[in-house]
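**Q** Next comes the sequence, and after it the predicted model I'd like to discuss.
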Amino acid sequence: MDKRIQKILTSVEKPARYVGGEFNMPNMDKPCTTRLCLCFPEIYEMGMSNIGMRILYHMLNDMDNIICERCFAPFIDFGGELLKEGVPLFSLDTHKSLVEFDIVGFSIGYEMLYTNVLYMLDLAGIPFRASERVGIDMPIIIAGGPCVINPEPFAELFDAVMIGEGEVNLKLFTELYDQCKADGVSREDFLVQASKIDGVYVPSIIKPVYEDGKLLPFDNLVKRAVVQDLDTAYFPTKILVPNIEITHDRAVLELYRGCNNGCRFCQACFYYRPIRSRKLDTLLGLGADLVAKTGYDELSLASLSTSDYYALNELITGLKSGVCSSNVKLCMPSLRLDTYKEEFMGKGRLGSITFAPEAGSQRLRDVINKNISDEDITNTIKMAIERGYKGFKLYFMIGLPTETDEDLDGIIDIINLIRNIAREFSQQKRPINITISTNVFIPKPLTPFQWERQITREEMYHKQDYLKQKLQGMRNVRYNWHSASVSMIEAVLARGDRSILPVIEKAYELGAKFDGWSEYFNYNTWERAFSECGVKMDDFVGEWSEDEVLPWEFIDHGVTRKYLLAERHKAYSASCTPACTSGDCRNCGANKLGRCFQ
Amino acid sequence: MKVIKHVKKDSISLVSHIDTMRVLQRTLVRGNINVKFSEGYNPHPITYTSHPLPLGVLSTCEYFVLANDDMTTDEVLERFNDSVPAGMKADYCADVEKNPNLCAKVNLCEYFAPTTSAIKYKSELEEYANLDTYEITFEFKGNMKTQDIAPLIDAVRVTEDGMYFTISTGNPNLRPDRLTTDMMTKYPLEIGSNEIKRVNQFIKNDDGIMTVDEYISSIAR
């Protein structure tokens, strides 16, 4: 290891974040013709918890002739030292600087990480924009992850953007690169060939065209790549086991992709369709293998709505009688209120239980298609209290379409309901603790609410103050709320077009990074960046006309515009769409990418 | 009980003691090494270590004790080495009747700092072990602290390759890097920040001094 790096490592917090050496590291000395570095624009503890990173890292390393390494955003102290010592950002696995790789890929999972992408490129000495890298010897820089639902705000940073599931498009992209490199194909010709792969978007080839300030319909659509058969899809069990504690420090079993509920605000629900599950036997085998090969003493289940897995009872029983029978804990994620069953609840000394009703009133829950009734809420609360839970954590959104103060009163009604049930049925001497968290609704792309406006910051403050006032004096009730300013910037970055990139670059230049951390986010920096670039935030958070072409509509995500619009119209009459079940298709369009309910 | 002697080198030396404990416990699960669990409300595997190693310091002599009586030492050693991250491989495994309680018994550790320039200042550096009183000042949890380290330095020996020094461990304790940092302010020693290595642990009492290896041999079954 470079002596300068060694010197820096002993002077920063948690140096193990930057050196690798975890158990189950793939062979980094195997014969290799193409070398990738997967970057995650957050710190090690967050990036190592990401299941997508885990899958792709191991999948690529299992390919012949390919070596894949990792790099995470250096924390402020380490980044500062790298700059001071003139050491370019390097990979964890073999401590190579990023410019030495053939391909550098960023996984972008949250809009507030955009400045961290620039931070990492800057530390690596890589010019930001793809156009600035033409003609110089630089790696191919690519992006993937959930934010590619609308890649336009950052598209021009990248040579290519992977739209959809990396097991499919990143694999094909890497194989093609390896072949083109062997054949001596130029960078430009390689990108032209790559753009023909399903789910590979090359921003220098597909460009938006505006006429009179309006975006024109696109000629070519980029089709999202999806895994056709999840049950046989690559899923690593010999995964890296970090040497330091990470955010989700446990083995994770992915049950299925997609969601059959169709909540109208939820981007993930529509993005990850079609609904594809792993078989019960496959999961039981993977779970046992994961624990044996990692040594984790916790196993958790992951999916968008775990309680909707077709054989959840059998899975829990199988895991509890097998791998989780002794000294390995099975961790359940937060579950839906309408499908919660007593057997999912914990045993022994119980703490708090988490639910997300999202809206306080039945009317508003129907608007957002949450499909949860007052009765579901009452029954589940009663069941939890009788079981001995000491607290409830409840998640709500504020600023949903059609929301009024009466709907906010519904949140207070739910708190009162819990307190009343607790008084009647609780065996505990201590009162029940209730924590309420509210996030501000962001009309995200690829949802039925993508045309909606976001409420103004003044409205956000009003709603938060309204709740604070109503909760005042309520003992054992805690209220947490998400920052209005962050929500506003997040909405602009989620809905933006290519005019947003100069703003992101300016914000970074003015010092913005780690914007997802409340202690580092500075609204004034962003406000100044927008103002200096002459871009108005209001242009991106206001309501959009239904006949406008939206910036991300060059991507065929499966779910059709027609379906999303129909759902939007149903929302206004508070009309619900029941959850999809096999054989009862709602014709959202996702099944043209792959078969639902295999 | 089994006592495993392992090294701690390369990137794993940058892992803190508490994280190292977690790494070792996962090693036992992966290696399928049976360990007795405590019988409290939150059962945990019964394991012990020797004194924590300061972050960034390498070692050739770390000791890990685990409550296992139903496997042979060879079996434990093989399984441990198959399941531990690179940089923590074990040298030997001994079978002892009960916890040797190394944290309470070990009171001296020998470290090696590689530096070819130390030989030029051999007498000055070795004199550190003969001082009656010697105060150093260092930053501790955001505050400046002063410590008289003279009574905590047992021996300093300089060779062509570098410097060996034996200092107090436990209570009272002297961090090896505090001593070398002080030496480097006085002499151009160029000791890398991730190069100091713990090479021996000792038990010193009224009966004399012995290495932990000797002690474990004396109590091994």
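**A** Received, thanks.
**Q** care to break the chain down by domain?
**A** In the absence of a named chain, chain A is used. For chain A, the domain assignment from automatic domain parsing gives the residue ranges A:3-223, A:250-333+A:559-598.
**Q** Chain B was what I was after
**A** For chain B, the structural domains run B:2-104, B:105-209, going by automatic domain parsing.
**Q** Figure out the length between the terminal residues of the longest one.
**A** Start to finish, the residues bounding domain B:105-209 are 11 Å apart (C-alpha to C-alpha, to the nearest Å).
**Q** next one: stretch A:117-136
**A** When the termini of stretch A:117-136 are compared using C-alpha to C-alpha, they are 20 Å apart.
**Q** Give me the contacts around that stretch.
**A** For stretch A:117-136, contacts defined as C-beta atoms under 8 Å, 6 or more residues apart in numbering or on different chains pick out A:39, A:41, A:71, A:73-74, A:79, A:82-83, A:88-89, A:97-99, A:104, A:106, A:108, A:138-139, A:141, A:143, A:154, A:156-159, A:187-188, A:203-204, A:501, A:504-505, A:508, A:513. C-beta coordinates here come from the backbone N, C-alpha and C atoms, glycine included.
**Q** ok, how many other residues are close to residue 45?
**A** No chain in the question, so chain A it is. By other C-beta atoms under 10 Å in any protein chain shown, the residues close to residue A:45 number 18.
**Q** To clarify, I was referring to chain B.
**A** Residue B:45 is flanked by 19 other residues according to other C-beta under 10 Å.
**Q** how far away is it from chain A?
**A** Distance from residue B:45 to chain A, counting by C-beta to the nearest C-beta, to the nearest Å: 8 Å.
**Q** thought that residue was touching residue B:37?
**A** Yes. Using C-beta atoms under 8 Å, residue B:45 is in contact with residue B:37, at 5.7 Å.
**Q** ok, and does the longest helix along chain B reach over to chain A?
**A** Longest helix in chain B by number of residues, with DSSP state H as the criterion: helix B:17-30. Yes. Applying C-beta under 8 Å from any C-beta of the partner chain, one finds helix B:17-30 touching chain A at B:19, B:20, B:22, B:23, B:25, B:26, B:27, B:28, B:29, B:30.
**Q** helices and strands around that helix, which ones?
**A** Where contact means 3 or more C-beta pairs under 8 Å, 6 or more residues apart in numbering or on different chains; DSSP states H and E, helix B:17-30 is packed against helix A:280-294, strand B:47-49, helix B:73-83.
**Q** Tell me which of these sits nearest to residue A:242.
**A** Residue A:242 lies closest to helix A:280-294 among the helices and strands packed on helix B:17-30, at 10.1 Å (C-beta to C-beta).
**Q** could you check the angle helix B:17-30 makes with the closest one?
**A** Per axes from the mean of the first three to the mean of the last three C-alpha atoms, to 10 degrees, the angle that helix A:280-294 makes with helix B:17-30 is 130 degrees.
**Q** Check which helices and strands helix A:280-294 sits against.
**A** The elements that helix A:280-294 packs onto, with contact taken as 3+ C-beta pairs under 8 Å, 6+ apart, are strand A:251-254, strand A:298-302, helix A:312-321, helix B:17-30.
**Q** Next, see if the first one gets close to chain B.
**A** No. Shown here: strand A:251-254 not in contact with chain B (C-beta under 8 Å from any C-beta), separated by at least 10.6 Å.
**Q** how distant is that strand from the center of its chain?
**A** The chain centre lies 16 Å from the centre of strand A:251-254; the measure is C-alpha atoms, centre = their mean, to the nearest Å.
**Q** ok, it: who's next to it in the sheet?
**A** According to DSSP bridges, strand A:251-254 forms sheet pairs with strand A:298-302 (parallel).
**Q** secondary structure element for the residue nearest to residue A:511 when sequence neighbours are not counted?
**A** Nearest residue to residue A:511 in three dimensions, chain neighbours excluded: residue A:525, at 5.9 Å (C-beta to C-beta, 6 or more residues apart in numbering or on different chains). If you go by DSSP states H and E, residue A:525 is part of helix A:523-533.
**Q** For that helix, which helices and strands make contact with it?
**A** Against helix A:523-533 (3+ C-beta pairs under 8 Å, 6+ apart) you get helix A:484-495, helix A:501-509.
**Q** Could you list the residues of the stretch 201-350 of chain A in contact with chain B?
**A** Residues of the stretch 201-350 of chain A lying near chain B (C-beta under 8 Å from any C-beta): A:241, A:243-245, A:291-297, A:327, A:349.
**Q** Recalculate using a threshold of 6 Å.
**A** A:241, A:243, A:244, A:295 (C-beta under 6 Å from any C-beta of the partner chain).
**Q** what stretches of chain A score poorly on pLDDT?
**A** A:340-349, A:582-583, A:598 (pLDDT under 70).
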